[in-house]
Each structure stands twice: as structure tokens, then as C-alpha cells.
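Novice: Coordinates for the following, if possible.
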Amino acid sequence: MLEELQERITELEIRFSHQTQLLDEFNEVLTDCNQRIDRLRQENHHLRETLSTLSPSLEESPDE
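Specialist: Model (predicted):
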């Protein structure tokens with residue numbers, strides 16, 4: 001009985017360790033994704049500003 005409990009505890013510890021590792025990896029991936037999203041937002045904002053400054057000087061083509 002005691003041996004069985006020890007095996008179960010060991011198995012739980014192993015599972016816990018793996019889950020902790022997976023959570024750490026997931027956190028790294030999530031952090032990286034958030035940084036990429038932030039950079040893309042900044043780039044998008046910059047491109048929109050650039051486009052808006054060019055917009056008044058753009059003439060409409062005859063085909064439009």
C-alpha cells in the first residue's frame with residue numbers, strides 16, 4: 001500500500017514537472033506573440049500616418 005502511494009506521488013510529481021515546463025514554454029511563446037503584435041501595431045500606425053500625409057497630395061486618376 002505504501003509503495004503504491006509512493007509510485008502515485010512520483011507519477012504526480014513527474015506530471016506536475018512536465019506541466020510546469022509546458023506552461024513556461026507557452027508563456028514564452030505568448031510573450032513573443034504579444035511583442036510581435038505590438039511591433040505590427042506600431043508599424044501599421046506609422047504606415048497609416050505616412051499614408052495620411054500623402055493622401056492630400058494624391059490626385060484622383062481619371063479612371064476613378
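
Novice: drop to CA atoms for contacts and neighbour counts, all remaining ones
Specialist: Fine.

Novice: Please report the distance of Thr31 from Glu25.
Specialist: Thr31 sits 10 Å away from Glu25, going by CA to CA, to the nearest Å.

Novice: Also Ser55?
Specialist: 44 Å.

Novice: cool, Leu12 as well?
Specialist: 20 Å.

Novice: What of Gln19?
Specialist: 10 Å.

Novice: Show residues contacting stretch 13-31.
Specialist: If you take CA atoms under 8 Å, 6 or more residues apart in numbering as the criterion, stretch 13-31 is touched by no other residue.

Novice: Show me how far it is from its chain's centre.
Specialist: Offset of stretch 13-31 from its chain centre (CA atoms, centre = their mean, to the nearest Å): 15 Å.

Novice: repeat for stretch 5-24
Specialist: The answer for stretch 5-24 is 26 Å, by CA atoms, centre = their mean.

Novice: what does stretch 35-54 give?
Specialist: 18 Å.

Novice: CA atoms only: put it into CSV for me.
Specialist: Extracted as CSV, the C-alpha positions of stretch 35-54 are listed here (Å, rounded to 0.1, in the frame of the first residue of the first chain):
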residue,chain,number,x,y,z
GLN,A,35,5.7,41.6,-28.8
ARG,A,36,5.2,40.9,-32.5
ILE,A,37,1.6,42.2,-32.3
ASP,A,38,2.9,45.4,-30.6
ARG,A,39,5.5,45.9,-33.4
LEU,A,40,2.9,45.3,-36.1
ARG,A,41,0.6,47.8,-34.5
GLN,A,42,3.3,50.4,-34.4
GLU,A,43,4.3,49.7,-38.0
ASN,A,44,0.6,49.9,-39.0
HIS,A,45,0.2,53.2,-37.2
HIS,A,46,3.3,54.6,-38.8
LEU,A,47,2.2,53.5,-42.3
ARG,A,48,-1.3,55.0,-41.7
GLU,A,49,0.3,58.3,-40.7
THR,A,50,2.6,58.2,-43.7
LEU,A,51,-0.4,57.5,-46.0
SER,A,52,-2.5,60.2,-44.5
THR,A,53,0.3,62.8,-45.1
LEU,A,54,0.5,61.7,-48.7
